[in-house]
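> Just to be clear, the model below is a prediction. Sequence and coordinates:
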Amino acid sequence: MSRVGRRPINIPNGVKIAIEGRTVKIEAKGKTLEHEIPYDFVVEEKDKVLVVSRPSDSRINRSLHGTTRSLLQNMITGLTTGFEKKLRIQGVGYKATMKGKTLVLDIGFSHSISHTPPEEITIEATTATEILVKGIDKQKVGEVAAEIRDYYPPEPYKGKGIRYVDEYVRQKQGKSIA
């Protein structure tokens, strides 16, 4: 049994938390994130610590308890340090460039692929083969990185495609003449 929901969340300096009904607003560095907590859950701020408590020990409440706590923790982490995902392009002649805020991918198709991220997400092409996706919302950062990866997922025979930096793609052996 997980006890993630019972752990308190430390609130760093410079982070303001406002609890209005079922909505929790967290503000830091001039940016704000909101989350609506599930029914009957209680979120309290005590001595620079945020505590989430559930109404009962029913199965649904136990599952939502840890999830709610993790979402609030991720909001605080996103506002203080931010989240980032790194992608790498592999393939001869494949590259990524930035045109303004738009990412332009040349990945072996007859045309270039343009990807414009949402306003709160920034994309950087650090080198011709590396892409960095940054933002304050963990879910949106992961979603944008997954959208970019979906343009050309890594294929198992030659290893070409767009992959996460820490992703391992197992190479398969091609057909052989026996």
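Looks like it arrived, so ask away. Remember, it's a predicted structure, so these values are computed and weren't measured experimentally. Residues are numbered from 1 along each chain as shown.

> what is the mean pLDDT for stretch 40-51?
The pLDDT scores in stretch 40-51 average 91.

> So in this protein, which helix runs the longest?
Determined from DSSP state H, the single longest helix within the chain is helix 59-80.

> Sketch out the strands for this structure, chain order is fine.
Remark: strands assigned in the chain by DSSP state E are 9-10, 16-20, 23-28, 31-36, 42-46, 49-53, 83-90, 95-99, 102-106, 113-115, 121-127, 130-135, 161-164.

> Give me the distance from the shortest one to the chain's centre.
Going by CA atoms, centre = their mean, to the nearest Å, the spacing between the C-alpha centre of strand 9-10 and its chain's C-alpha centre is 20 Å.

> and what of the fifth one?
Relative to its parent chain, strand 42-46 has a centroid offset of 26 Å by CA atoms, centre = their mean.

> which one of the strands of the chain lies closest to R59?
strand 49-53 (16.8 Å; CB to CB). Using the backbone N, CA and C atoms, a C-beta is placed for each residue, glycine as well.

> Give me the below-cutoff pLDDT ranges for this structure.
1-2 (pLDDT under 70).

> Apply 80 and report the result again.
Residues of the chain meeting the criterion pLDDT under 80: 1-2, 178.

> circling back: how about residues contacting the longest helix of the chain?
If you take CB atoms under 8 Å, 6 or more residues apart in numbering as the criterion, helix 59-80 is touched by 2-7, 9, 11-12, 14-15, 24, 26-29, 31, 33, 35, 37-38, 40-41, 43, 50, 52, 54-55, 83, 135-138.

> can I see the domain layout of the chain?
4-80, 83-164 (automatic domain parsing).

> Reformat these as TSV; add mean neighbour count and distance to Q171.
Shown next, in TSV, are those (neighbours: other CB atoms under 10 Å; distance: least, CB to CB, whole Å):
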stretch	mean neighbour count	distance to Q171
domain 4-80	15	34
domain 83-164	16	6
